[in-house]
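Novice: Mind looking at a prediction? Sequence and model below.
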Amino acid sequence: MTDAGSLSDVSPVPRLEESLTVQTERAMTEPPAGDVVMTLRDVAVAFGGRTAVRDVSFDVCAGEATALIGPSGSGKTTLLRALNRMHDAERSAKVTGTIRLGDLDVYGPDTDPTLLRSRVGMVFQRPNPFPTMSIYDNAVAGLRFNGVRKKALLDEAAESALVAAALWDSVKDRLKAHGSTLSGGEQQRLCIARALAVEPEVLLMDEPTSALDPIATKRIEELVGELKDRVTIVIVTHNMQQAMRVSDRCAFLLMGEDKAGELIEFGPTAQLFSEPSDPRTLDYVNGRFG
Amino acid sequence: MTSVLEVPVDPIVERRRAVQAAATASLGRRKLGSRVALGVCWLFLVIAVIPLVALVFYVTAKGLPAWNAEFFTHSTTPEGVPGGGVWNAIVGTAVITVVATAVAVPLGLLCGLFLAESDGRTADALRFTADVMTGIPSITVGIFGYIAIVRNFGYSGFAGAFAVGFIMLPVIIRAGETAFRGVPRSLNEAAMALGARRATIARKVVVPTALPGVITGALLAIARGLGETAPLLLTIFGNQYLQWNPTKPMAALPTLIYSYSSQPYADLVQVAWGAALLLMAVVLVLSIGSRLLAAYLRKERR
């Protein structure tokens, strides 16, 4: 399912041998950690003819957190939103290049965007629980949108997702309360639970802690680590320390001469931060600009 | 093939399969539902648009034959007298609209600015008054103009402008308030933090930022005032001759259409159709023009 031969020149994707020892059913039926779940080839996004980001090629590996870093204007969020076709709603937006989720061509003519988004979930900058729904209804909203009616399945998914989002203990006795009664950090964890309940294969996080205080931020960062074996994570962050703490691989984007963001470097986080191959990456991670 | 004994069933994988199965199974039904809903929206849109399109075509077909050079340059002639146009009514409508606009737009925008910038009892009362004014039937405004102005000073263009301005005022107030409220609070605060006084903030920050919306609102209010008939019926009296002086009785396009269309003479009815087309064209140009202008101004900003 991955044509590794043609990829090797763009990005080194080493298989993590130890991950193959995890012999659950998941490890057999799905790519083990280290395998590629999403591939991006020459991806570019333009709005009304103006290119916002271009020349992006890398692979997202299963069971890992991939961080998109770079200064503002480098197209991190634009790129992230291309991965689950959020730009479909913007008429002037045009995505070119190839994005694949496993065998699925994300922008293929036969690909249904709603089915795709049930496999590639998203968490946004600001917590956005549905204000008219209870905590429980928020948690199972995605399932209901996708036509799941069975109460048992809804209950089970809600509990599992809320537990995974480290929210279950504090809300299990007030599932009928409104989401707005929660604190900002709890609301964001509810949004993570809401995304997890659909059991997506990939979870996109767009600066999920930018509206939160340091303590709530820490909990979300811990969550990212805990969730990795359940869902592959792609996270946008403008905080380099956060990228170092939570991610396994990093994509560094930078705004080029023509105001369009482009991929400068992609690699294992440790390597990108300690011995990057591009001098611009070195300058950025050392805080000389951005 | 890997052989592993006692493979624990992963509940997450199982649930993922169940969710995907449900989503795929219901996809057809959901797609159909959204297509039906979209179809219903289109149907109602077409139903709503048909009368508009029919009206535009019908008025154009009926009115265009009346248009010639004389129609726009000569005053009305009595029935049976060939030639003649609606120049006196064009002048009357233009003068009345200009006078009404000159009073109602500045007043209305200042009220709108006040409503947007202050929250208090006075603002609430003013807002309520504007809402009530919007709901007043236009013939009532005409009667008010008749009692307040005509009974004291006689029929005049000013009396008509007063009544039309009365119709335009609440429209401008609400449009202005909406536009001024659209200015982000953060800009206000930024100016405040620099030591600007409220009047300065309004003049240098709020008004320029809201300008596209303000212009659109004002032009739409003018378009609204142009076509008002009832307030004019009881205030301007009408005039067969060219009259530029708004202190005298004047002709106007809406009242001309109203009186000529019910005449038994074919030539006067024809003039009424021509005037209706002219009025419609001006209102259409104003509405479309205001949108284009606002879009242009917004683009300039970026």
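Specialist: All right, it came through fine.

Novice: Could you list the low-pLDDT ranges of the stretch 1-150 of chain A?
Specialist: Within the stretch 1-150 of chain A, the stretches with pLDDT under 70 are A:1-34.

Novice: those strands in it, which residues are they?
Specialist: A:36-47, A:50-61, A:65-69, A:93-101, A:104-105, A:120-123 (DSSP state E, counting those that start in this stretch).

Novice: Give me the buried positions along stretch A:170-181.
Specialist: A:171, A:175, A:178, A:179 (16 or more other Cβ atoms under 10 Å in any protein chain shown). C-beta: built from backbone N, CA, C; applies to glycine.

Novice: Now mean neighbour count and distance to chain B too, for the strands of the stretch 1-150 of chain A, in a markdown table please.
Specialist: Converted to a markdown table, those look like this (neighbours: other Cβ atoms under 10 Å in any protein chain shown; distance: least, Cβ to the nearest Cβ, whole Å):
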| stretch | mean neighbour count | distance to chain B |
| --- | --- | --- |
| strand A:36-47 | 20 | 12 |
| strand A:50-61 | 21 | 11 |
| strand A:65-69 | 28 | 17 |
| strand A:93-101 | 18 | 12 |
| strand A:104-105 | 14 | 12 |
| strand A:120-123 | 23 | 11 |
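
Novice: Let me have these in JSON lines, extended by distance to residue B:257.
Specialist: What follows is those, written out as JSON lines (distance: least, Cβ to Cβ, whole Å):
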{"stretch": "strand A:36-47", "distance to residue B:257": "47"}
{"stretch": "strand A:50-61", "distance to residue B:257": "49"}
{"stretch": "strand A:65-69", "distance to residue B:257": "64"}
{"stretch": "strand A:93-101", "distance to residue B:257": "48"}
{"stretch": "strand A:104-105", "distance to residue B:257": "61"}
{"stretch": "strand A:120-123", "distance to residue B:257": "57"}
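
Novice: coming back round to it: take the buried residues of stretch A:170-181 and lay them out in JSON lines including pLDDT.
Specialist: Output for the buried residues of stretch A:170-181, formatted as JSON lines (pLDDT from 0 to 100):
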{"residue": "A:171", "pLDDT": "94"}
{"residue": "A:175", "pLDDT": "94"}
{"residue": "A:178", "pLDDT": "91"}
{"residue": "A:179", "pLDDT": "87"}
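
Novice: of all those residues, which comes closest to residue A:122?
Specialist: residue A:179 (17.1 Å; Cβ to Cβ).

Novice: For chain B, what is the nearest residue in the stretch 101-250 of chain A?
Specialist: residue A:147 (2.8 Å; Cβ to the nearest Cβ).

Novice: My guess is that residue contacts residue B:29. True?
Specialist: Yes: if you go by Cβ atoms under 8 Å, residue A:147 and residue B:29 touch, sitting 7.3 Å apart.

Novice: For these two, work out which one has more neighbours and name it.
Specialist: A direct count of neighbours by other Cβ atoms under 10 Å in any protein chain shown for residue A:147 and residue B:29 places residue A:147 higher, at 17 against 10.

Novice: And that one, its phi and psi?
Specialist: phi 90, psi 10 (degrees, to the nearest 10).

Novice: can you tell me the helix or strand for the residue of chain A positioned farthest from its centre?
Specialist: Distance from the C-alpha centroid of chain A, by Cα atoms, centre = their mean, peaks at residue A:173 (30.2 Å). Of the helices and strands defined by DSSP states H and E, none includes residue A:173.

Novice: quick one: terminal-to-terminal distance for stretch A:142-155?
Specialist: 13 Å (Cα to Cα, to the nearest Å).

Novice: and if you look at stretch A:256-276?
Specialist: Terminal-residue distance, stretch A:256-276 (Cα to Cα): 19 Å.

Novice: contact partners of it?
Specialist: Contacts to stretch A:256-276, defined as Cβ atoms under 8 Å, 6 or more residues apart in numbering or on different chains, come from residues A:10-12, A:50-58, A:67, A:70, A:73-76, A:78-79, A:240, A:243-244, A:247-255, A:277-278, A:280-282, A:285.

Novice: Same check on stretch B:144-155?
Specialist: B:156, B:158-160, B:162-163, B:166, B:231, B:234-237, B:249.

Novice: And those, which two are furthest apart?
Specialist: B:166 and B:249 (19.1 Å).

Novice: Settle it for me: which of those two has more neighbours?
Specialist: Comparing residue B:166 with residue B:249 by neighbour count (other Cβ under 10 Å), the higher total belongs to residue B:166, at 24 against 21.

Novice: Assumed the more buried one was part of a strand.
Specialist: No: applying DSSP: H, G, I helix; E, B strand; the rest coil, one finds residue B:166 to be helix, outside a strand.

Novice: tell me the SS of the residue nearest to residue A:65 when sequence neighbours are not counted?
Specialist: Among residues not flanking residue A:65 along the chain, residue A:233 sits closest, at 4.1 Å (Cβ to Cβ, 6 or more residues apart in numbering or on different chains). Judged by three-state DSSP, the three-state class of residue A:233 is strand.
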